[in-house]
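# no sequence on hand, only this structure:
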Ligand SMILES: C[S@@+](CC[C@H](N)C(=O)[O-])C[C@H]1O[C@@H](n2cnc3c(N)ncnc32)[C@H](O)[C@@H]1O
């Protein structure tokens, strides 16, 4: 099993919302969440074709606030059985993390680490190399916009040049669509949009961006810094 390094973290004290129950909506095939999953997986399949890779032809993937990993793990399995992609899934809830580990084993994926940790803390990534693919699904709707901005700015240090980020954001019932602010923020920070899916009959939006601005020297992640906290 690939190791991205140790990160002991006491999850129990901080879990606030019932994310186990939230995941149950995935089991209703017509739910908005099930439809969103379909789009995220479709985009990830495309990203697995178009993302850069390292000199050995391998890729690293990071999923922040990964839940039970159902968006990522089956797609990696069908792609090439996990031969060329190693993945770090960061999920704070221990039960969901364990489900992701069990799923990875069940799918025979060799290079998956599920870390029960705070994805908002920069120290969680201190031993990780930048990823070729990064998922931030179910994150931006749960944090304040300043944190969205800070997180997107720091994603520049978490993904390689030309790396691809897949993200989600829901619109609200009153017609306000904060996903456009998220898109603007990605553009501001050197990402180019590859796709944006916004079904008229659903609230979810799924974006895919590539880091196309390559600053001469990308700063590394600042230690002991909080990018975001769920509200
Ligand atoms: C909306 S769900 C999204 C799960 C998954 N990404 C998906 O789209 O199916 C948000 C997830 O983030 C996890 N979470 C909340 N705060 C977190 C944090 N600080 N670090 C890591 N995971 C966190 C929750 O436990 C929950 O599983």
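Thanks, I have it. The structure presented is a predicted model; accordingly, all values stated were derived computationally and were not measured.
# the residue nearest to residue 64 when sequence neighbours are not counted and residue 147, how far apart?
Of all residues not flanking residue 64 in the chain, residue 119 sits nearest, at 4.0 Å (C-beta to C-beta, 6 or more residues apart in numbering). The way it works is simple: take the backbone N, C-alpha and C, and place the C-beta from them, glycine included. Taking C-beta to C-beta, to the nearest Å as the measure, residue 119 falls 12 Å from residue 147.
# let's see the pLDDT reported for the spatially most central residue of the chain.
Centroid check for the chain by C-alpha atoms, centre = their mean gives residue 135 as the closest residue, at 2.1 Å. On the pLDDT scale, residue 135 is placed at 98.
# how about residue 16?
Note for residue 16: predicted pLDDT of 62.
# can you start the count at 333 instead of 1 from here on
Noted, 333 is the first residue going forward, which turns the last one into residue 348.
# tell me the contacts of the residue nearest to residue 396?
By C-beta atoms under 8 Å, 6 or more residues apart in numbering, the contact set of residue 451 is 396, 397, 398, 422, 423, 424, 471.
# quick one: residues contacting the closest residue to residue 443 other than its chain neighbours.
Distances taken as C-beta to C-beta, 6+ apart place residue 418 nearest to residue 443, at 3.6 Å, with adjacent residues excluded. Listed by C-beta under 8 Å, 6+ apart, the contact partners of residue 418 are 334, 390, 391, 392, 393, 443, 444, 445.
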